[in-house]
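Novice: Output the structure for:
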Amino acid sequence: MAVWCADEAGPYQAIPQPGASWQPIGEPACYPHEYVRGGTVKLLTLFHPATGQLRVKGVTHTPNSVLHPWLQQELTAIMAALPPLDESPDAATNRAAWARWQAGLSVRFTVLEALPPLRVLLILDNLAGHKSTTFVCWLMAHGIMPLYTPISGSWLNMAESIQRILVGRALAGQHPASPAQLMEWLEAVARGWNARPTPFIWGGKRALRRQRARERRYGLGGSGAVSRQPIPHPGEAINGHKQGK
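Specialist: Down below sits the predicted model:
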């Protein structure tokens, strides 16, 4: 079963962007002395962490009338590219496969009576438009289970991670002049990423190293301070001193 993450990044303004830029010695980048907003852009994103593949589109606004048709178009192409199932599950097994992804949720949407085999998990945030009845029913009818990150849990959506990488590469230290240029740069960076995509692994080796480092530290009095060795209890220190004598 494929896992895809969806998000809308932005808005990004057509103004001088913070960040370093490469310039010839003695010829620093010059920004205009007037603060003029040249328009804004948002970036629609679908991300496949297992392969690192991206699907993006730059837009000037993201109402449901723009977002939903794009998601439906891209998800239809994604579904068409999936390998066929060896055999279709029976109705009871198939419904159980859908129900297990709602186990433990405080708020559950009603699944359709007739469900196709579950093929894709789609990670979304809690925008109201992502939960519209028409959109959710379309997803279920095409074998896609929407899963919503909890409030203040947007970091659970890896689409936000790839968006930060794209935006940094496309805009840092640059001065886009128009929304069209913003969209061109963002989409060009995404094409470059797809030429050599990097898979994302939740946690990974870095998380394991951090966990081991935390296990080697000892909290001090409930504050954020730690020590690298346990502080002996006063009774233990006295006993140890007596035993030394």
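Novice: Would you mark the buried spots in stretch 194-210?
Specialist: F200 (16 or more other CB atoms under 10 Å). Where C-beta positions appear, they are placed from N, C-alpha and C, glycine not excepted.
Novice: Confidence-wise, which helix or strand of this protein is lowest on average?
Specialist: Ranked by mean pLDDT, DSSP states H and E, the weakest helix or strand in the chain is helix 234-244, scoring a mean of 53.
Novice: where does this protein dip in pLDDT?
Specialist: 204, 206, 220-224, 233-245 (pLDDT under 70).
Novice: can you map out the strands along it?
Specialist: For the chain, the strands defined by DSSP state E cover 2-13, 40-48, 53-59, 120-124, 144-148, 218-219, 226-227.
Novice: gap between L166 and A141?
Specialist: Separation of L166 from A141 (CB to CB, to the nearest Å) stands at 31 Å.
Novice: More neighbours: these two, which one.
Specialist: Higher neighbour count among L166 and A141: L166, with 23 against 12, using other CB atoms under 10 Å.
Novice: ok, now which ones touch the nearest residue to that one once chain neighbours are set aside?
Specialist: Nearest non-adjacent residue to L166, counting by CB to CB, 6 or more residues apart in numbering: V189, 5.1 Å away. By CB atoms under 8 Å, 6 or more residues apart in numbering, V189 lies in contact with L166, R169, A170.
Novice: domain assignment for the protein?
Specialist: Segmentation of the chain into domains, based on automatic domain parsing, reads 2-195, 212-244.
Novice: gap between the first one and the chain center?
Specialist: Read that as domain 2-195. Distance, stretch centre to chain centre, for domain 2-195: 8 Å (CA atoms, centre = their mean, to the nearest Å).
Novice: ends of it, how far apart?
Specialist: Terminal residues of domain 2-195 are spaced 21 Å apart (CA to CA, to the nearest Å).
Novice: List the residues that contact L139.
Specialist: L75, L122, M145, P146.
Novice: gap between it and T110?
Specialist: The gap separating L139 from T110 is 13 Å, by CB to CB.
Novice: Then A180?
Specialist: A180 is 42 Å from T110, by CB to CB.
Novice: do the same with A103
Specialist: 15 Å.
Novice: What of A225?
Specialist: Relative to T110, and taking CB to CB, A225 is found at 50 Å.
Novice: Helices of this structure, start to end?
Specialist: 64-81, 91-99, 133-141, 158-171, 179-195, 204-215, 234-244 (DSSP state H).
Novice: Tell me the buried residues in the third one?
Specialist: Neighbour-count burial for helix 133-141 flags F135, V136, W138, L139, M140 (criterion: 16+ other CB under 10 Å).
Novice: Alpha carbons of it, in CSV - could you do that?
Specialist: Coordinates of each C-alpha in helix 133-141 appear next as CSV, following Å, rounded to 0.1, in the frame of the first residue of the first chain:
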residue,chain,number,x,y,z
THR,A,133,-18.0,15.2,2.1
THR,A,134,-17.6,15.3,-1.7
PHE,A,135,-13.9,15.1,-1.5
VAL,A,136,-13.7,12.4,1.1
CYS,A,137,-16.3,10.3,-0.7
TRP,A,138,-14.3,10.7,-4.0
LEU,A,139,-11.2,9.4,-2.2
MET,A,140,-12.9,6.4,-0.7
ALA,A,141,-14.5,5.5,-4.1
